[in-house]
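In: What follows is a predicted protein model with its sequence.
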Amino acid sequence: MTGDSMNKVNRIRILFIFTVLLGIGCYQAFGLENTEDTQIPLPKKTVISDSETEDTQKLLTVNQNMSYEFVIIEEEDYLTVYYADRETIYEYTDIQYSGLPDMVRQKIRKGYWIKNEAELFGFLENYSS
């Protein structure tokens, strides 16, 4: 390549770099302009009466029973599967509570809710011997 064509290539490279830097500068200047002094409104505090709290708890219980079909509970170091009403037994298992990983035991301690039979069978298959 001759010296004249090298100068032309270098000018194109410099022009390209200058254009990229100018574009980045414009993006930062105009893109961040609207976010500097924007204030996010805080949520308003509301006072809930005792009767509303009781109604909410009843609603949560109904929703919980509608969303899940089963709950797994530990009884005498073994897992027992109940229907969502927590009174009707679906199945006794031979899975020992003490043999489960800590994270799973914490979930079961509170009552591990299962959405459907497929999820239940997957859980039981994973932890049965």
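Out: Received it, and whenever you're ready, just let me know what you need. Numbering: from 1, shown residues only.

In: going forward, measure contacts and count neighbours with C-alpha atoms only.
Out: Fine.

In: Touching, Arg86 and Val71? I think so.
Out: Yes: using C-alpha atoms under 8 Å, Arg86 makes contact with Val71 at a distance of 6.9 Å.

In: Those two - which one has more neighbours?
Out: Just comparing Arg86 and Val71: by other C-alpha atoms under 10 Å the higher neighbour count belongs to Val71, 23 against 15.

In: could you say which helix or strand contains that one?
Out: Secondary structure from DSSP states H and E places Val71 in strand 70-75.

In: what angle separates the helix or strand following that strand from strand 70-75?
Out: Going down the chain from strand 70-75, the next helix or strand is strand 78-83, by DSSP H and E. Here the directions of strand 78-83 and strand 70-75 differ by 150 degrees (axes from the mean of the first three to the mean of the last three C-alpha atoms, to 10 degrees).

In: what sits up against the strand holding Val71?
Out: Residues outside strand 70-75 that contact it (C-alpha atoms under 8 Å, 6 or more residues apart in numbering): 79-84, 86, 97, 108-116, 120.

In: Got a quick PyMOL command for the buried subset of those residues?
Out: Per 16 or more other C-alpha atoms under 10 Å, the buried members of the contacts of strand 70-75 correspond to this PyMOL selection:
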select buried, resi 79+80+81+82+83+84+97+108+111+112+113+114+115+120
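
In: Brilliant, that's me finished.
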